[in-house]
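Visitor: any chance you could fold what I've pasted below:
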Amino acid sequence: MATAKSIDTGDYKLFPSPRNVHRVIFEHQVFVPYPYALIVMDEFYFKGRYSLFSACRLSDGKMGQLATFELASDVDIFNKKFTPD
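Guide: Now for the predicted structure:
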């Protein structure tokens with residue numbers, strides 16, 4: 001089993017999803033406070049590149065997931081289509 005390496009940013013401690021095609025933290029980001037929600041990013045049909053991380057928000061210790069996007073328009077798609085389990 002591979003060990004996940006964390007990525008520390010000024011706002012989050014991140015753990016990349018093993019399903020990520022791109023392991024990049026893109027400029028446009030959405031934090032969702034649902035650490036156990038299954039988010040299948042391929043099903044959103046984004047126009048640009050994207051990545052998903054398990055996340056701990058450092059400001060308050062809240063656990064969740066961070067979806068990051070290359071294009072701002074993909075944030076709108078995610079916000080419209082995402083519904084937590």
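
Visitor: contacts, neighbours, all on C-alpha from now
Guide: Fine.

Visitor: backbone dihedrals for residue 81, please?
Guide: phi -100, psi -20 (degrees, to the nearest 10).

Visitor: any stretches of the chain with poor pLDDT?
Guide: Scanning the chain for pLDDT under 70 picks out 1-4.

Visitor: try 90 this time
Guide: Within the chain, the stretches with pLDDT under 90 are 1-6, 18-19, 22-23, 84-85.

Visitor: what sits against the residue nearest the centre of it?
Guide: The centroid of the chain falls nearest to residue 67 when counting by Cα atoms, centre = their mean (2.3 Å). Residues near residue 67 by Cα atoms under 8 Å, 6 or more residues apart in numbering: 29-32, 50-53.

Visitor: could you dump those residues to CSV with secondary structure?
Guide: Below are those laid out as CSV (DSSP: H, G, I helix; E, B strand; the rest coil):
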residue, secondary structure
29, strand
30, strand
31, strand
32, strand
50, strand
51, strand
52, strand
53, strand
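
Visitor: in space, what's closest to residue 47 - neighbours in sequence excluded?
Guide: Setting aside the residues directly before and after it, residue 47 is nearest to residue 74 in space (Cα to Cα, 6 or more residues apart in numbering), at 6.7 Å.

Visitor: what ranges do the strands span in the chain?
Guide: 7-8, 12-16, 28-32, 50-57, 62-69 (DSSP state E).

Visitor: quick one, the third one and strand 62-69 angle?
Guide: Our comparison of strand 28-32 with strand 62-69, counting by axes from the mean of the first three to the mean of the last three Cα atoms, to 10 degrees, yields an angle of 150 degrees.
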